[in-house]
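> any chance you can model this:
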Amino acid sequence: MLQIRLLVLLLVVGGMFVSYPVFGQASPITVQTDKPSYADGNTMIISGKVTDQLNIPISVVIKNGQTPVYIAQADVDPSTYSYSVQAVAGGNLWKSAGTYEIDVTYGGPDKTVKTTFQYTGTLQNVPPTNNATSSHNQTVPAIPEFGPLAAMIFAVSIMATLIFYVKTNHSFRIK
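As a prediction, the model looks like this:
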């Protein structure tokens with residue numbers, strides 16, 4: 001019984017040193033485009049804001065599925081904490097019309113945000129949209145793959161394995 005209490009104590013103390021995301025907390029980076037869709041040859045404006053000035057460039061990658069079709073870097077304006085990149089839709093890598101993804105990273109996987117837009121392929125007139133009502137300009141909070149929640153789940157699984165081992169009176173052995 002003492003061993004179980006010790007394990008629970010270790011779990012509680014270990015949990016105190018793991019940081020958890022706060023719901024409702026602003027994303028450390030945002031991204032938006034000036035229009036929801038682009039045709040071949042259209043100029044896109046990709047912009048956003050950051051919450052912290054890290055004094056490093058922002059990475060912008062446009063992808064068609066898993067294939068990168070455009071890669072750029074942008075500096076953050078230290079007075080406004082904003083960035084902006086211009087890209088021209090189309091070219092040899094832009095193979096087909098459809099949904100393309102923009103991945104923006106600023107300093108690491110916990111400061112990554114994504115958005116999508118439609119690439120129509122051939123040049124056509126795309127009506128301008130009101131950015132205030134466009135759902136395309138919504139930001140999605142970054143969710144790191146191996147963040148604090150994954151670390152806590154890993155710790156709980158290790159503790160559960162140890163508790164099972166103690167409860168079975170050390171009856172299983174690895175050979």
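> when you work out contacts or count neighbours from here on, use the C-alpha atoms and nothing else.
OK.
> ok, which stretches of this structure are strands?
Using DSSP state E, the strands of the chain run over 32-33, 37-39, 43-49, 58-64, 67-74, 82-88, 98-105, 112-121.
> can you put the ones you listed in TSV and add mean pLDDT?
Supplementary listing: the strands of the chain in TSV, determined by pLDDT from 0 to 100:
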stretch	mean pLDDT
strand 32-33	95
strand 37-39	94
strand 43-49	95
strand 58-64	94
strand 67-74	92
strand 82-88	95
strand 98-105	94
strand 112-121	93
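> redo the ones you listed as TSV? Include mean neighbour count and distance to Thr161.
Listed next are the strands of the chain as TSV, based on neighbours: other Cα atoms under 10 Å; distance: least, Cα to Cα, whole Å:
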stretch	mean neighbour count	distance to Thr161
strand 32-33	22	45
strand 37-39	22	51
strand 43-49	17	44
strand 58-64	20	41
strand 67-74	16	41
strand 82-88	17	47
strand 98-105	19	37
strand 112-121	20	34
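> pop the domain breakdown of the chain in here.
Recorded structural domains for the chain (assignment: automatic domain parsing) are 1-26+145-169, 28-140.
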